[in-house]
Each structure stands twice: as structure tokens, then as C-alpha cells.
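Participant: Here is a sequence with its predicted model. Questions after.
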Amino acid sequence: MDKTKEIIIGLEIHTELDTATKLFCSCPTKGSEEPNTRTCPICLGMPGSKPSLNKKAVEFAVKLCLALKCNISSELIFSRKSYFYPDLAKNYQITQYELPLGKEGKLALSSGKEIGITRVHMEEDPASLIHPAGMQNSQYVLVDYNRSGNPLLEIVTKPELSSPEEARDFMKQLITVLSYLEIFDENSSVIKADANISIKESGFVKAEVKNITGFKEIERALNYEILRQKKDFKEGKKLVQETRAWDSEKGITFTLRKKETEEDYGYIIDTDLVATEITQGMIKKIKGEMPELAQDKVKRYTEKHKISREDALVLSQEKKLAELFEKVAEKIDPVLAARWIRRELVRVINYNKISLNGLKIDETHLIGLLDLVEKKKITDSVAQKLLEELIEKPFDVKEKVKKEKLEAVSDAGELEKFCKEAIAENQKAVEDYKAGEERALNFIVGQVMKKTKGKATPKEVNEIIKSLIK
């Protein structure tokens, strides 16, 4: 822990694995949402029921450990974490304690700063607790065991994050890794974080904020908690180590209980589950099936394609966007492809509120469009309008450009004629430009663009007008 910092943050992140069945039984992880219907004696903790380990969940867990550059244990051992609470019918959670599957890993933020990973371990999800009037005001609690037994991975960071923004970025980078590995479904899988946060003024007395869902909420929760701790310290209140909950609707944290220690849980080895060997052959096979990850793509894009790091970061964050860029960059100048996909395509997608999965066009449409831009057959403004139309309904770009006569006006004589007309019609703007007002030139260029219906290149028009005025 670096005590020279003003704020110290560590995260314990629980991510649900996208498996078809639960961690220790054959109940489905998805399906009926009617409470307590996706259950069996094993996930309900009935006496005499015996858990059986989900092989696919183990493979998914090893994938993440490899992606986070963890040292992987040679065997998988489960323990019982004892606590008495209605979200676990058997009064203990099957988890890992003594020997985590992965340890001493790392994950880089978008800035390049690396955050250490203390451990990655497997465990079962507890049941859902429903508080009808909110956690603080409900007079009773409902329990839904449909979720109980779903496979989770817990990722514990070292206390090396120094701001809520870094915590949010860490979550974002982790979700990107999970999505690339295809072990997490952003549409249905749940990811939550418990955040440990402390400030320098208090001597780094730690508060843990529980169950923050998603990378956007974590920034809100931590910003609030920092302000709360600083305010309490300034008012002379003694900060104590405690567990707090995040209320996303009210935007506040509130006290749940004094912080437990690991000893309070009375961990013991689970005798119902034998140790599972993690062989080098298994690790090698899984490693061979893993895709190139986002941070590796950033390095390759900047070195091979010579695009900016900023563009590379944006393109690599979404696997489908990265795949689209790579296909287009085979036929089009990569720098041009990166600029258009990163800025224009993303702009149009966001405006139309569609996802990359819902995109009707493919690389052939973009290659057709950008080929015309690259060869200066159409202007950027025409290309932007065509892209906006393409998103709504795909078509043959080159055929449309030819049919509707959208080709760029590149004939020097014709362009000069339009420029002379614009100068003659806007003498005040000409005089203003001569007097040193640069914006006046942009006005004249705009008049030429109107005359050519946006089919002239602004840079070329700019040069011709300057020459004519001089």
C-alpha cells in the first residue's frame, strides 16, 4: 500500500460466468424467471445432496487467469465459507480460500498503468434477496434461489487504484477482457464490485462499499464515499473500519455492519469436493484457444498499422469493432479506416441507438465507401451522408454514387468558376478576409460548397479562393 497517495482503492469484483448450468449442479443458469423454479436439492443445500464441479466453468476460470497473467495453481481446492444469512440455504458458501486458482496477476488501465491482481478464485453465487421497500425500510425480505449456485469468479486487486476514475477504467478493461474471452455475456451476466476505500487524512481507515453494479456506478459510489469520509473527518468524527452498502437510487452509501475479518467466516476445506488437478496440458490447450486480447491489439495496431494510440484503444475495446477494422484495413489505408470507423461509424451507431451486433452492414460496405474517399471520388461530407443511409438500409455504394451523380467536383476549371461566382456575390466577406478576419474565408468556402452541393473538397476550394483573392 502506497501511503504517499491521497486516496487508496482496492476492488473485489464478482463476475458471473456465461455457462449453461450452475457451478455444482445441472440446474440452468438462464430460463424461467419465476422465483425458485431453477433449483434442485444441491443448490438449495438439502441434506445428503452432493455437489459436482462444472468443467466448463473451470475452463473459463483458467482462461481469465491466463489473460490476467496470473500464476495458476496446480490443483483446484474448494472451501466452505460459513455465515448465517438467508441467501444461502446451507449456511455456507462454497468458495476458495487457502489456495486460489490464480494469483499475482496484473491488468493495465487505458493509461498504461498496471494494477496488480492478488487472486482470482471460483465460488458459487448466493440467492437473490428482494427488499420490497428498499434495504433500509423493508419489514421483510423475499428470497429467490434461482441465482443460487451460479458460477462466479472473484477478482481481487491490490490497493493500487488512486481515484474513482481509475476504478471505473479498471472495471471497463476487465469487462473488455471477459468479452474477448467469451466467458461473460454483457446482456445477461452480472458483474458487481465491492470497493475498499480509504483517505490519507484518517490514516487510511478502510470502508468497504458492497454490491456496486457496473463500471459507471462504481465511479459514482466512490466519489460519494470519498466526500463522506472527508466531511466526517473535517467534522471531527472518528472513521471506523466498516461495511457499507451503495444505494444507487439515492446516490449514497450507508452502514451495514462493522467489518468482518476472514477469521470470522471459519473457513474449512469442503469434504464433498475432491481436489481437481490443473495440468500443464489443460493450460496449454486453453491457451491455444484464446483470442488476441484488446491490449495486444493496441500494440499491434500502433506498430503495424501506424494508427494513433487513442484510435487503437477505442477500436480494440469492442471485439466486433476491432474485427471490422482489421477486415477494412486489409483493403483501405489503415489510418483512414481507423479514423472513419472510430469516429464516423461509432457516431452513426450511437445516434441510431443500435449495437454492433445489430449492425446490418459489413466490411464490404465500408470498403466500398472508403475506397471512394481514399481515391477522392467523393468528399467527406458526401461519405458521411452515405454512411448514415447505409446504417438504415445497406446498398451498393458505388452504384448509388454513380446513379445520383455524387462524385466529387474535381475539374479545376469548373471549381474555379464556382469560386469566382462566390467571390463576386460576397464582396463584404472578401473585404473582411482582406482585413484579417479568417472566418470570412470559411463563409465564402461554404458558399462554394452549396453551389457544388457538397461535392467539392473544402481544402481545394480554400486554396483556389485564396489564390483568386490575392
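Facilitator: Ah, there it is.
Participant: rest of the way, CA atoms for contacts and neighbours
Facilitator: Will do.
Participant: Can you check which helix is longest in this protein?
Facilitator: With residue count as the measure and DSSP state H as the assignment, the chain has helix 214-234 as its longest helix.
Participant: which strands and helices sit next to that one?
Facilitator: Packing contacts for helix 214-234, counted by 3 or more C-alpha pairs under 8 Å, 6 or more residues apart in numbering; DSSP states H and E, involve helix 164-181, strand 191-199, strand 207-213, strand 252-258.
Participant: would you turn those into CSV with mean neighbour count and mean pLDDT?
Facilitator: Output for these, formatted as CSV (neighbours: other C-alpha atoms under 10 Å; pLDDT from 0 to 100):
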stretch, mean neighbour count, mean pLDDT
helix 164-181, 20, 95
strand 191-199, 24, 93
strand 207-213, 22, 89
strand 252-258, 15, 84
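Participant: so which of those gets nearest I464?
Facilitator: Each of those was checked against I464 via C-alpha to C-alpha, and the shortest separation belongs to helix 164-181, namely 47.1 Å.
Participant: before we move on, back to that, who wins for proximity to K231 among the helices and strands packed on helix 214-234?
Facilitator: Checking those against K231 by C-alpha to C-alpha gives strand 191-199 as the closest, at 11.3 Å.
Participant: Next, the residues that contact the closest one from outside, please.
Facilitator: Applying C-alpha atoms under 8 Å, 6 or more residues apart in numbering, the set of residues contacting strand 191-199 from outside is 6-16, 204-214, 218, 222, 225-226, 229-230.
Participant: Paired strands for that strand, with orientation please.
Facilitator: Take DSSP bridges as the rule and strand 191-199 pairs in its sheet with strand 7-16 (antiparallel), strand 207-213 (antiparallel).
Participant: Off-centre distance for the longest helix of the chain?
Facilitator: Chain-centre distance of helix 214-234: 21 Å, with C-alpha atoms, centre = their mean, to the nearest Å.
Participant: Could you check the angle that helix makes with strand 191-199?
Facilitator: Inter-element angle recorded for helix 214-234 and strand 191-199: 20 degrees (by axes from the mean of the first three to the mean of the last three C-alpha atoms, to 10 degrees).
Participant: between helix 214-234 and helix 164-181, how big is the angle?
Facilitator: Direction vectors for helix 214-234 and helix 164-181, defined by the same axes, to 10 degrees, enclose an angle of 160 degrees.
Participant: Which elements pack onto the helix or strand that helix 214-234 is followed by?
Facilitator: Later in the chain than helix 214-234, the nearest helix or strand by DSSP states H and E is strand 242-247. With contacts defined as 3+ C-alpha pairs under 8 Å, 6+ apart, the packing partners of strand 242-247 are strand 207-213, strand 252-258.
Participant: any chance of the ones you listed in TSV, with distance to L441 too?
Facilitator: Supplementary listing: the helices and strands packed on strand 242-247 in TSV, determined by distance: least, C-alpha to C-alpha, whole Å:
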stretch	distance to L441
strand 207-213	52
strand 252-258	53
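Participant: out of the strands paired with strand 191-199, nearest to L152?
Facilitator: Each of the strands paired with strand 191-199 was scored for nearness to L152 using C-alpha to C-alpha, and the closest is strand 7-16 (4.6 Å).
Participant: residues in contact with the following helix or strand past the closest one?
Facilitator: Proceeding C-terminally, strand 7-16 gives way to helix 55-67 as the next helix or strand, assigned by DSSP H and E. When contacts are defined by C-alpha under 8 Å, 6+ apart, helix 55-67 is touched by residues 17, 19, 23, 71-72, 101-102, 105, 120-122, 151, 153, 177-178, 181, 183, 283, 286-287, 290, 293.
Participant: Report the distance from the helix or strand just after helix 55-67 to the chain centre.
Facilitator: Toward the C-terminal end, the helix or strand that comes next after helix 55-67 (DSSP H and E) is strand 71-72. Relative to the mean C-alpha coordinate of its chain, strand 71-72 is positioned 25 Å out (C-alpha atoms, centre = their mean).
Participant: quick one: strands adjacent to the following helix or strand past strand 71-72?
Facilitator: Reading on from strand 71-72 to the C-terminus, the next helix or strand found by DSSP H and E is strand 75-76. When pairs are called by DSSP bridges, strand 75-76 turns out to pair with strand 276-277 (antiparallel).
Participant: hang on, isn't H14 packed against N150?
Facilitator: No. H14 is not in contact with N150 according to C-alpha atoms under 8 Å; the separation is 11.5 Å.
Participant: the more surrounded of the two?
Facilitator: Comparing H14 with N150 by other C-alpha atoms under 10 Å, the one with more neighbours is N150, at 28 against 24.
Participant: List only buried entries from the contacts of helix 55-67.
Facilitator: Neighbour counting with 16 or more other C-alpha atoms under 10 Å marks 17, 19, 23, 71-72, 101-102, 105, 120-122, 151, 153, 177-178, 181, 183, 283, 293 as buried within the contacts of helix 55-67.
Participant: For F418, which of the strands paired with strand 191-199 is the nearest?
Facilitator: The closest approach between F418 and any of the strands paired with strand 191-199, judged by C-alpha to C-alpha, belongs to strand 207-213 at 58.0 Å.
Participant: Any regions of the stretch 151-300 of the chain where pLDDT drops low?
Facilitator: By pLDDT under 70, the low-scoring segments of the stretch 151-300 of the chain are 259-264.
Participant: Which helix or which strand is home to the residue lying farthest from the centre of the chain?
Facilitator: No residue in the chain sits farther from the centre than A424, which is 53.9 Å out by C-alpha atoms, centre = their mean. A424 is located in helix 412-425, with elements delineated by DSSP H and E.
Participant: repeat for K106
Facilitator: Assessed by DSSP H and E, K106 sits inside strand 102-108.
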